[in-house]
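>>> okay, here's the prediction I keep looking at, along with the sequence it came from:
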Amino acid sequence: MKQQMKQAIELHINGDTHEVLVTPSDTLLEVLRDKIGLMGTKRGCDLGTCGACTVLVEGEARLSCLTLSVDAVGKKITTIEGLSEGGQLHPLQSAFVENGALQCGFCTPGMILTAKAILDEEAHPTEEVIKKKMAGNLCRCTGYKKIVEAVMIAAGQPGGKA
Ligand code: FES
Ligand code: FES
């Protein structure tokens, strides 16, 4: 097997700078979990089909299993660990908890980061827009109704709670 050369890169994650040794084929997901220890980003399919590995790169939702770590150099990366501030949950996190929008929680970091990207782009999206933009995030246990409701509640939408 051909050995890949390792190189040192710096990644800006949740306001901190991390220097890591990577090969050209290391994905951002592998680096976050296996080299930096940020286990909130989940490895589901590792194929780009479940959304569990979603993080924000420059504010946009990205599948970290399909993103090379070297392509994230110089960009602002946000994982679920970077969402709370001063010990306070982000409003999306609170809405998910209070609305029962999670069970095992495996899909939740990806769901919440996708939702954050949606709300950062459009403060009051319709239910249809939320459903459409979150279609790539799969949940095997909660169902999607409470998840969509939670995003609407976080957005201050009066129709959020059924
Ligand atoms: S682990 Fe990346 S999309 Fe499933
Ligand atoms: S809460 Fe279990 S997969 Fe979504």
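Perfect, I can see it now. Numbering: from 1, shown residues only. Ligands and ions are numbered 1, 2, ... in the order given.

>>> any residue of the lengthiest helix in the chain up close to ligand 1?
Longest helix of the chain, by residue count under DSSP state H: helix 108-121. No - figure legend: helix 108-121 not in contact with ligand 1 (Cβ under 6 Å from any ligand atom); closest approach 7.8 Å. The way it works is simple: take the backbone N, C-alpha and C, and place the C-beta from them, glycine included.

>>> in stretch 15-26, what counts as buried?
For stretch 15-26, burial by neighbour count (16 or more other Cβ atoms under 10 Å) applies to 18, 20, 22, 26.

>>> so which of the residues you listed are in strands?
18, 20, 22 (DSSP state E).

>>> what's the closest non-adjacent residue to the last one?
Leaving aside its sequence neighbours, residue 22 sits nearest to residue 69 (Cβ to Cβ, 6 or more residues apart in numbering; 5.0 Å).

>>> contacting residues around the one you found?
Residues in contact with residue 69 (Cβ atoms under 8 Å, 6 or more residues apart in numbering) are 9, 11, 20, 22, 26-28, 30-31.

>>> ok, and which of the ones in strands among the buried residues of stretch 15-26 reach ligand 1?
Near ligand 1, judged by Cβ under 6 Å from any ligand atom, there are no entries from these.

>>> which among those gets closest to residue 60?
residue 18 (20.1 Å; Cβ to Cβ).

>>> that closest one is in contact with residue 10, isn't it?
Yes - the pair residue 18 / residue 10 is scored as a contact, 7.0 Å apart, by Cβ atoms under 8 Å.

>>> can you tell me how far the closest residue to residue 39 other than its chain neighbours sits from residue 57?
Nearest non-adjacent residue to residue 39, counting by Cβ to Cβ, 6+ apart: residue 33, 5.7 Å away. According to Cβ to Cβ, to the nearest Å, residue 33 and residue 57 sit 16 Å apart.

>>> and the buried residues of stretch 15-26 as JSON lines, adding distance to residue 105 and pLDDT?
Formatted as JSON lines, the buried residues of stretch 15-26 follow (distance: Cβ to Cβ, whole Å; pLDDT from 0 to 100):
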{"residue": "18", "distance to residue 105": "25", "pLDDT": "98"}
{"residue": "20", "distance to residue 105": "26", "pLDDT": "98"}
{"residue": "22", "distance to residue 105": "28", "pLDDT": "98"}
{"residue": "26", "distance to residue 105": "26", "pLDDT": "98"}
